[in-house]
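J.: Generate a structure from the sequence data that follows.
(one chain, ligands or ions: 1)
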Amino acid sequence: MDHTFDTIIEPFRIKSVEPIRMTTVAEREAFLKEAHYNLFLIKAENILIDLLTDSGTGAMSAAQWGKMMEGDESYAGCRSYYDMYDSVHDLTKFKHIFPTHQGRAAERILFGLVGSEGKIIPNNTHFDTTRANIEFTKTEALDLVIEEGKDPASLHPFKGNMDLEKLEQLMESQHKNIPLCMLTVTNNSGGGQPVSMENIRETHKICKKYDIPLFLDACRFAENAYFIKLREPGYENTSVKKIVQEMFSYVDGATMSSKKDALVNIGGFLAFNDDELAVNVQNMGILTEGYPTYGGLAGRDLAAMAQGLKEVVEEDYLEYRIKSTQYFGEALDKAGIPVMKPIGGHAVYIDAKAMLPHIPVSQLPAQALACELYRVGGIRGVEIGSLMFGKRDPETGEEIPGTMELLRLAIPRRVYTQSHIDYCIEVLDLVNQNKENIKGLKITKQPPFLRHFSAELAPA
Ligand SMILES: *Cc1c(COP(=O)(O)O)cnc(C)c1O
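T.: You can find the predicted model right below:
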């Protein structure tokens, strides 16, 4: 048998480089002050390692750049659309495939057609844009993830699973009001946790019994499939592509943000089998996305997507992808930093409330940690806590906190090497050793909604 080595080998070599700029602590302190302690307001050129998001931030392959040059920019019936159709069809077998400019456009079209007041759409956990687009149609967006999925300490291998008992109960009493059911793979809002094949199959059976279509929010379908291969008995020797095909065989459609597992910087799609729905989606899509064979994208974007969907199911890539996220999370765990476990597919989440007990929730511990990480090492993460999900009561002016205080460090696809990650581990270790000196923050100015993007803060 071949020897297995501990070092993670990036399964690519680097053909084109993009410099990242070193800055000093003093410079970064000035940038932080200028940006009012909001990392969204810092210029990207002043960031050394950017772990803000894994969405649209990946690196394309030489093959994808080559395909972009060949993109067909015809208004109708472009070849790049048919290449993209073939790639999506190969994995999903769906009959109707509509490109969109990104995932939320697919969501808006779908829910605009099936949602209305009094209806309910269940999911393991709705992602923010999914929930917003459902609620915009006055439909209820219901989260039914298993209890283990809500417990940061649980080591369940598939914490993204749907609670089947709760789903069955809901269907029994409400199936007339459920236009469709969703499953998000991997469960982004629940920490990037996977859904098992068994759970997809059982969710399908319940939906079938009540004649409700099941859709995947498929953004990270390949990462989910790789977790099935690693963790679900019976799939050890099945290829990831076969696992992906089986996942899609249990569902009637999918919404997709190609900025994740299609390895492109922009794009998405809506795909399904229903002929009647296709007529309506085509009509609605034309209003905002454009003619159905380009759907808000350039032909070259479709060409890059067609190629990205082939590369994302390559197992060397997925091994590197999942292993490097685990490596990062496990190193932080070993350094005594409280991380959410098991480590998910696309990001590591630090529990700032546990790490910084001296900072009250009202002083935004996860945002304070995000700023310190930038100050010490030029690394940008994103607060998922009371700055993002808390609110100020418009009448009393009192702060209503969010449910958790997390700092998410999302890993862009194929962008950083093991030494970049080792650097991040070193910085975090130093920050952790001096954590008593980290001070809380207060909000000094905020917009009425989505405040985390533009709020201004100051040391408390
Ligand atoms: C990113 C994401 C979306 C939305 O996609 P965009 O391309 O950002 O519009 C929807 N669902 C999940 C699970 C996501 O991660």
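J.: CA only for contacts and neighbour counts going forward, please
T.: Fine.
J.: Helix or strand, whichever it is, which one in this protein has the lowest mean pLDDT?
T.: The weakest-scoring helix or strand in the chain, judged by mean pLDDT, DSSP states H and E, is strand 391-392 (a mean of 82).
J.: Quickly run through the sheet partners of it, with directions.
T.: strand 399-400 (antiparallel) (DSSP bridges).
J.: which residues are contacting the strand it pairs with?
T.: With contact meaning C-alpha atoms under 8 Å, 6 or more residues apart in numbering, strand 399-400 is reached by 362, 386, 390, 391, 392, 393.
J.: which of these count as buried?
T.: 362, 386, 390, 391 (16 or more other C-alpha atoms under 10 Å).
J.: Quick check: the farthest pair among those residues?
T.: Farthest pair in the buried ones among the contacts of strand 399-400 (C-alpha to C-alpha) is 362 and 391. Separation: 11.0 Å.
J.: Overlap of the contact sets of the two?
T.: 399, 401.
J.: mind listing the strands for the stretch 1-150 of the chain?
T.: For the stretch 1-150 of the chain, the strands defined by DSSP state E, counting those that start in this stretch occupy 49-50, 96-100, 120-123, 140-143.
J.: mind checking which of those strands is nearest the ligand?
T.: strand 96-100 (9.1 Å; C-alpha to the nearest ligand atom).
J.: What pairs with the closest one, parallel or antiparallel?
T.: Strand 96-100 has its sheet partners listed here by DSSP bridges as strand 268-272 (antiparallel).
J.: starting at the chain centroid, how far to the partner strand?
T.: Its chain's C-alpha centre lies 17 Å from the corresponding centre of strand 268-272 when counted by C-alpha atoms, centre = their mean, to the nearest Å.
J.: Who are the contact partners of the residue nearest the centre of the chain?
T.: For the chain, the residue sitting closest to the mean C-alpha position, by C-alpha atoms, centre = their mean, is residue 188 at 4.8 Å. Residue 188 sits next to 125, 127 when contact means C-alpha under 8 Å, 6+ apart.
J.: Contact residues of the protein facing the ligand?
T.: 102, 103, 104, 127, 129, 130, 184, 188, 217, 219, 257, 259 (C-alpha under 6 Å from any ligand atom).
J.: The stretch 151-300 of the chain: helices as residue ranges?
T.: Using DSSP state H, counting those that start in this stretch, the helices of the stretch 151-300 of the chain run over 164-174, 197-209, 221-231, 240-249, 275-288, 299-311.
J.: separation between the residue nearest to the centre of the chain and residue 407?
T.: According to C-alpha to C-alpha, to the nearest Å, residue 188 and residue 407 sit 14 Å apart.
J.: In the stretch 251-400 of the chain, which residue sits closest to the ligand?
T.: Counting by C-alpha to the nearest ligand atom, the stretch 251-400 of the chain gets nearest to the ligand through residue 257 (4.1 Å).
J.: residue contacts, the nearest residue to residue 226 once chain neighbours are set aside?
T.: Using C-alpha to C-alpha, 6 or more residues apart in numbering and skipping the chain neighbours, the partner closest in space to residue 226 is residue 240 (6.1 Å). By C-alpha under 8 Å, 6+ apart, the contact set of residue 240 is 222, 225, 226, 229, 313, 314, 315.
J.: how about a cut-off of 10 Å?
T.: Counting by C-alpha atoms under 10 Å, 6 or more residues apart in numbering, residue 240 touches 222-229, 246, 312-315, 318.
J.: Now pLDDT too, for the residues you listed, in TSV please.
T.: Formatted as TSV, those follow (pLDDT from 0 to 100):
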residue	pLDDT
222	98
223	97
224	98
225	98
226	98
227	97
228	98
229	98
246	98
312	98
313	98
314	97
315	96
318	97
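J.: Now name the helix or strand holding residue 395.
T.: Under DSSP states H and E, no helix or strand contains residue 395.
J.: How much space separates it from residue 26?
T.: For residue 395 relative to residue 26 (C-alpha to C-alpha), the value is 40 Å.
J.: Looking at those two, which is more packed in?
T.: A side-by-side neighbour count of residue 395 and residue 26, using other C-alpha atoms under 10 Å, places residue 26 first with 11 against 6.
J.: Correct me if wrong: the more buried one contacts residue 374.
T.: No. The criterion here is C-alpha atoms under 10 Å, and residue 26 misses it with residue 374 at 11.5 Å.
J.: May I ask you to confirm that residue 344 is in contact with residue 325?
T.: Yes. Using C-alpha under 10 Å as the test, residue 344 is close enough to residue 325 to be in contact (7.5 Å).
J.: From the residues of the chain next to the ligand, which shows the smallest pLDDT?
T.: Of all the residues of the chain next to the ligand, residue 188 has the smallest pLDDT value, namely 83.
J.: Return the distance of that one relative to residue 126.
T.: Distance, residue 188 to residue 126, by C-alpha to C-alpha: 9 Å.
J.: can you list residues touching both of those two?
T.: Joint contacts of residue 188 and residue 126 (C-alpha under 10 Å, 6+ apart) are residue 217.
J.: Show me the domain layout of the chain.
T.: 25-54+314-459, 62-311 (automatic domain parsing).
J.: Serialize the ones you listed to CSV and add fields for distance to residue 9.
T.: Shown next, in CSV, are these (distance: least, C-alpha to C-alpha, whole Å):
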stretch, distance to residue 9
domain 25-54+314-459, 7
domain 62-311, 17
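J.: who touches the least confident helix or strand of the chain?
T.: Contacts with strand 391-392, where a contact means C-alpha under 10 Å, 6+ apart, come from 397, 398, 399, 400, 401, 402, 446, 448, 449, 450, 451.
J.: and if we set it to 8 Å?
T.: By C-alpha under 8 Å, 6+ apart, strand 391-392 touches 398, 399, 400, 401, 402.
J.: Enumerate every residue touching the last one.
T.: Contacts for residue 402 (C-alpha under 8 Å, 6+ apart) come out as 385, 386, 387, 388, 389, 390, 391.
J.: among those residues, which are in helices?
T.: 386, 387, 388, 389 (DSSP state H).
J.: Does the closest residue to the third one other than its chain neighbours belong to a helix, a strand or coil?
T.: What that stands for is residue 388. Leaving out its chain neighbours, the residue that sits closest to residue 388 by C-alpha to C-alpha, 6+ apart is residue 452, at 5.0 Å. Look at residue 452: counting by DSSP: H, G, I helix; E, B strand; the rest coil, its state is helix.
J.: Go ahead and confirm residue 452 touches residue 386.
T.: No. Residue 452 is beyond contact range of residue 386, at 9.1 Å (criterion: C-alpha atoms under 8 Å).
J.: From the ligand, how far off is residue 450?
T.: 15 Å (C-alpha to the nearest ligand atom, to the nearest Å).
J.: cool, residue 38 as well?
T.: Distance from residue 38 to the ligand, by C-alpha to the nearest ligand atom: 21 Å.
J.: Can you give me the distance of that residue to residue 349?
T.: On the measure of C-alpha to C-alpha, residue 38 and residue 349 end up 19 Å apart.
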